[in-house]
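K.L.:
Below is the sequence, then the predicted model.
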Amino acid sequence: MDFVSIRIITDQIRPLVEFYETITGLTSKWFTEDFAELATTSCTLAIGSTRTLALFGADVAQPASNRSAIIEFRVDNVDAEYRRLANAVDDFVQVPTTMPWGNRSLLLRDPDGNLVNLFTPVTTEAIKKFDRKGRFFDGERRQ
């Protein structure tokens, strides 16, 4: 099994897509006016408007109501990202801080209130955990 994407449902698709383009530096691919994706090398962030919920046959998601998930992006230098985003992001929750597990993290909120963590592994152990070329599961590289 491969984890390939996470999808955010929103009432304000254009501002949310623009926010994630700003923080990631990526250009989104729009499939319809109600659905866009930002693809990284490891995973895709999909963003859909609430109108897409009708395709599932029910009201299965509520926009701007997440209180448990954090969307995380590994970056080369979290302090540089903080300086770059200082005037572009309205809601910083935590300035760059080194966490006990070895990542230096910047926590912010997107326009819908979802938590977003930009982080850089900084300890030897945290750096070893991540590898740009491979995927890890239980500490072992999988192809």
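P.N.:
Structure's in. What do you need?
K.L.:
now residue 127, what's its secondary structure?
P.N.:
Three-state assignment for residue 127 (DSSP: H, G, I helix; E, B strand; the rest coil): helix.
K.L.:
Next one: it from residue 8, what distance?
P.N.:
In this structure, residue 127 and residue 8 are 29 Å apart, going by C-beta to C-beta, to the nearest Å. No exception for glycine: its C-beta is placed from N, CA and C like everyone else's.
K.L.:
likewise residue 46?
P.N.:
Here residue 46 is placed at a distance of 7 Å from residue 8 (C-beta to C-beta).
K.L.:
And residue 108, by the same measure?
P.N.:
15 Å.
K.L.:
Looking at residue 127 and residue 8, which one has more neighbours?
P.N.:
Neighbour totals were compared for residue 127 and residue 8, and residue 8 leads with 21 against 13 (other C-beta atoms under 10 Å).
K.L.:
so where is this protein shaky, pLDDT-wise?
P.N.:
Low-confidence segments of the chain (pLDDT under 70): 132-143.
K.L.:
how does the chain divide into domains?
P.N.:
The chain breaks down by automatic domain parsing into domains covering 1-56, 66-143.
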